[in-house]
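Student: sequence and predicted model, in that order:
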Amino acid sequence: MTSIFPDISISTDRLVLRPFEEADIPELTDMMNDELTAAWTSVPAPYTVADAREWATRQAPAERTGGRGIVFAVTELLTHRLVGVVHIMKTDWERRTAEVGFVVGPWARGEGYAAEAVLAAAQWLFTGQGFERLELRTAAGNSASQQVAQKIGCVSEGILRNATVVRSRTEDGGWTDIRTDVIVWGLLPEDLEDSVAG
Ligand SMILES: CC(C)(COP(=O)(O)OP(=O)(O)OC[C@H]1O[C@@H](n2cnc3c(N)ncnc32)[C@H](O)[C@@H]1OP(=O)(O)O)[C@@H](O)C(=O)NCCC(=O)NCCS
């Protein structure tokens, strides 16, 4: 069974998770041109305005309409500033499971925004959409994302050895690929009761 998520927005105490708009392109370009994002995700580096346009206007909406997941632009409630992206992906409609990926812009880190946004998306999936499992995969060295996983109540379930490639800076200022392990984290509806961020 394949389905699609509704085209919705989610509000938290400090954030609004909503669909991307064309007006987000400049802020999205700035946000993704960032050392940590280049190192730990597979987004293009450098990230161009054309990359941002392609994501905001084509790829992100297509995730939802193609039944694969849903992409949220994360904005501050008070300022409307774009602070991040939450991407629910690899949705299995039959088993009601999905995976989540996320980025928070360098100017907005350390405020608990990633945990707040991912937790809100998880709560919506579990209570509003009847999902039973959300998976998070973090590269072994990505401490900040592991901290986010722990804060929202995820359980570390195991290590996929040599399962992904991350990027590391070279001496001449370029990037080189490095193979690394992946930690698999699972979040079930009952885990949210243990969540620090909730
Ligand atoms: C991972 C990321 C989304 C976290 O965003 P954030 O909004 O700063 O996250 P939060 O503030 O909710 O929580 C971050 C936690 O990690 C901790 N942290 C940050 N950098 C850290 C580091 N280098 N080592 C250990 N912990 C770290 C923070 O102290 C905070 O924990 P605390 O609230 O207990 O103090 C952000 O760093 C990012 O966008 N990184 C690049 C993209 C990425 O790695 N995405 C995840 C792919 S799985």
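Tutor: That came through, no problem. Residues are numbered from 1 along each chain as shown.

Student: please make it C-alpha for all contacts and neighbour counts, starting now.
Tutor: Noted.

Student: in contact with the residue lying farthest from the centre of the chain, which residues?
Tutor: Relative to the centre of the chain, and counting by Cα atoms, centre = their mean, the farthest-placed residue is Asp172 at 30.0 Å. Under the criterion of Cα atoms under 8 Å, 6 or more residues apart in numbering, Asp172 has no neighbours.

Student: need the three-state assignment for it.
Tutor: Here Asp172 is coil, with the state taken from DSSP: H, G, I helix; E, B strand; the rest coil.

Student: for it, what are phi and psi?
Tutor: When read as degrees, to the nearest 10, the backbone of Asp172 gives phi -90, psi 10.

Student: quick one, longest strand in the protein?
Tutor: strand 155-169 (DSSP state E).

Student: please name every helix or strand in contact with the next helix or strand along the chain from that strand.
Tutor: Downstream of strand 155-169, the next assigned helix or strand under DSSP states H and E is strand 175-187. Judged by 3 or more Cα pairs under 8 Å, 6 or more residues apart in numbering; DSSP states H and E, strand 175-187 is in contact with strand 133-139, strand 155-169.

Student: quick one: mean pLDDT over the next helix-or-strand element following the first one.
Tutor: Which is strand 133-139. Counting by DSSP H and E, the element after strand 133-139 in chain order, helix or strand, is helix 143-151. The pLDDT scores in helix 143-151 average 98.

Student: could you check the angle helix 143-151 makes with strand 155-169?
Tutor: If you take axes from the mean of the first three to the mean of the last three Cα atoms, to 10 degrees, helix 143-151 sits at 160 degrees to strand 155-169.
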